[in-house]
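Trainee: sequence and predicted structure below; questions after.
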Amino acid sequence: MLGLLASVIAALGWGFRQRFAGAEAERSRQAKAEAAARALADRVDNDIGALPAGAIKKELKAWARD
């Protein structure tokens, strides 16, 4: 009886551990994706900042709706 109770408690503990490990892995995956997106946004900002004003206006005009 005591062994059965210990087995149930151990199984529940293992299940919670797996669930928390999965949540941590998902948070890690999302953080990595957000860091990659931020790096791309920074690179685009740097590229736009390097352009002369006339080139920026010409580039933006292509995207603007009339």
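Mentor: Cool, got the structure.
Trainee: C-alpha only now, for contacts and for neighbours.
Mentor: Noted.
Trainee: could you measure residue 56 against residue 47, distance?
Mentor: To residue 47, residue 56 is 10 Å away according to Cα to Cα, to the nearest Å.
Trainee: which of the two has more neighbours?
Mentor: When residue 56 and residue 47 are compared for neighbours, residue 56 comes out ahead with 13 against 10, by other Cα atoms under 10 Å.
Trainee: ok, now how distant is the more buried one from residue 62?
Mentor: Residue 56 is 10 Å from residue 62, where distance means Cα to Cα.
Trainee: equivalent analysis for residue 22, please.
Mentor: Taken as Cα to Cα, the span from residue 22 to residue 62 is 45 Å.
Trainee: same question for residue 45.
Mentor: Taking Cα to Cα, one finds residue 45 at 18 Å from residue 62.
Trainee: the more surrounded of the two?
Mentor: Each of residue 45 and residue 62 has its neighbours counted (other Cα under 10 Å); residue 45 has more, 11 against 8.
Trainee: how far away is the more buried one from residue 38?
Mentor: Counting by Cα to Cα, the gap from residue 45 to residue 38 is 10 Å.
Trainee: quick check: which element contains the residue positioned nearest the centre of the chain?
Mentor: Residue closest to the average C-alpha location in the chain (Cα atoms, centre = their mean): residue 30, at 2.6 Å. Using DSSP states H and E, residue 30 falls within helix 2-50.
Trainee: and the contacts of the helix or strand bottoming out on mean pLDDT in the chain?
Mentor: Least confident helix or strand of the chain, by mean pLDDT, DSSP states H and E, is helix 53-63 with a mean of 83. Helix 53-63 has contacts (Cα atoms under 8 Å, 6 or more residues apart in numbering) with residue 48.
Trainee: low-confidence ranges, this structure, go.
Mentor: Across the chain, the ranges flagged by pLDDT under 70 are 66.
Trainee: spit out the contact partners of residue 33.
Mentor: Per Cα under 8 Å, 6+ apart, neighbours of residue 33: none.
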